[in-house]
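*Asks:* Give me a 3D structure for the following:
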Amino acid sequence: MELPSKVHVTEVGPRDGLQNEKQPVPADLKVELCERLLAAGVRQLEATSFVSPKWVPQMADAAEVMARMPRRAGTTISVLVPNMKGFEAALASRPDEVVIFGAASETFSMRSINCSVAESIERFRPVAQAAKAHGLRLRAAVSTAFGCPYQGEVPVAAVVDVAARLRDLGCDEIGIADTIGVATPNRVPAVFEAVAREVPLERLSGHFHDTYGQAIANVMASLQSGVFRFDSSIAGLGGCPYAPGATGNVATEDVVYLLHGLGIETGLDLGRLVETGQWISAQLGRPSVSRAGNALAARRRIETTPETN
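*Replies:* I've put the predicted structure just below:
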């Protein structure tokens, strides 16, 4: 299949990327990260999540972050909500989009939210109805779509089933997520092709983690399958609290470097993304894991360092 001419990138670093940080990240830093990302051209930004501080203490300042979030014409600010309580709290913050989720793995669903896959989808029915009633865009994610840390391989039929259930809730976009980063380029097209028989391809997106170093290859395989929506995280921030050993999402800088190299339009400023990735990594006290980001930053340092005789 011919590659798409334009790709939509959803930046999930402020939410999915920071939620697993052990040390508290100040709201000031989160807001500045969002400001920098928007200045780099990000048009769809997953800013925070309205979840119980008991379970995800890093997101306890969700209301403050959203209250201070810069709003720009043409941008979509998203928040993740796990239930109606979260939705009601989020609504006051004026999000443009709410995000819900369901696992393709029964074992993962039980271990992470203590209910079956079918029960988890039903819990989101009132959230979906409320989102539509308030004119909000509704996005969903199918987690563990390529593998589960507890049960291993996940049948493609299970992924299709969850995607179809989320479609029936009225989701505008459904992300097929490699939560633990085990997908490979031969597996990716098979899953997307199967799901696309139930959900139009233009409503699907790819969400890849880089645990085994396959994320960029999987993005490429997705592009070749006709997918043109992807999630990514600045500097490769992130992980999964219920998936031991899983690393962060594919780095935004790496995805954009690939896409621009293929001549695909993103609307994103790679230079500013690199600066932002290096900045947030320094603020968190560790190096960025973005290979393209680190290489471009090193080249820039060399180019701007005065020569000495």
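
*Asks:* Tell me where the model's unsure across the stretch 201-309 of the chain.
*Replies:* Residue ranges of the stretch 201-309 of the chain with pLDDT under 70: 240-246, 307-309.

*Asks:* which residues in it form strands?
*Replies:* Counting by DSSP state E, counting those that start in this stretch, the stretch 201-309 of the chain has strands at residues 204-208, 229-232.

*Asks:* Paired strands for the last one, with orientation please.
*Replies:* Translated: strand 229-232. Applying DSSP bridges, strand 229-232 is found paired with strand 8-11 (parallel), strand 204-208 (parallel).

*Asks:* hey, where'd the helices end up in the stretch 101-250 of the chain?
*Replies:* Ranges of helices within the stretch 101-250 of the chain are 106-113, 117-123, 125-133, 156-168, 187-195, 215-224, based on DSSP state H, counting those that start in this stretch.

*Asks:* Quick one: list the elements packing against the longest one.
*Replies:* For helix 156-168, the helices and strands in contact under the criterion 3 or more C-beta pairs under 8 Å, 6 or more residues apart in numbering; DSSP states H and E are strand 97-103, helix 117-123, strand 137-143, strand 173-178, helix 187-195. For every residue, glycine as well, the C-beta is placed using N, CA and C.

*Asks:* nearest to Asp269, of these?
*Replies:* Set against Asp269 and scored by C-beta to C-beta, the helices and strands packed on helix 156-168 come closest in strand 97-103, at 22.6 Å.

*Asks:* What residues sit buried inside the closest one?
*Replies:* Buried residues in strand 97-103, counted by 16 or more other C-beta atoms under 10 Å: Glu97, Val98, Val99, Ile100, Phe101, Gly102, Ala103.

*Asks:* between it and helix 106-113, how many degrees?
*Replies:* 130 degrees (axes from the mean of the first three to the mean of the last three C-alpha atoms, to 10 degrees).

*Asks:* ok so, going back, out of the helices of the stretch 101-250 of the chain, the one nearest Asp61 is which?
*Replies:* helix 125-133 (21.7 Å).

*Asks:* Now the closest one: buried residues?
*Replies:* For helix 125-133, by 16+ other C-beta under 10 Å, it's Val127, Ala128, Ala130, Ala131.

*Asks:* Equivalent analysis for stretch 181-188, please.
*Replies:* Here stretch 181-188 shows Gly181, Val182, Ala183, Arg187, Val188 as buried, counting by 16+ other C-beta under 10 Å.

*Asks:* likewise stretch 186-204?
*Replies:* Arg187, Val188, Pro189, Val191, Phe192, Val195, Ala196, Glu198, Val199, Leu201, Arg203, Leu204.

*Asks:* can you put those in a markdown table and add distance to Glu2?
*Replies:* Converted to a markdown table, the buried residues of stretch 186-204 look like this (distance: C-beta to C-beta, whole Å):
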| residue | distance to Glu2 |
| --- | --- |
| Arg187 | 22 |
| Val188 | 17 |
| Pro189 | 15 |
| Val191 | 21 |
| Phe192 | 16 |
| Val195 | 20 |
| Ala196 | 16 |
| Glu198 | 23 |
| Val199 | 21 |
| Leu201 | 13 |
| Arg203 | 19 |
| Leu204 | 17 |
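
*Asks:* if we can go back for a sec, let's have the helices and strands packed on helix 156-168 in JSON lines, adding mean pLDDT and distance to Val79.
*Replies:* Shown next, in JSON lines, are those (pLDDT from 0 to 100; distance: least, C-beta to C-beta, whole Å):
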{"stretch": "strand 97-103", "mean pLDDT": "96", "distance to Val79": "6"}
{"stretch": "helix 117-123", "mean pLDDT": "92", "distance to Val79": "17"}
{"stretch": "strand 137-143", "mean pLDDT": "97", "distance to Val79": "10"}
{"stretch": "strand 173-178", "mean pLDDT": "98", "distance to Val79": "15"}
{"stretch": "helix 187-195", "mean pLDDT": "98", "distance to Val79": "25"}
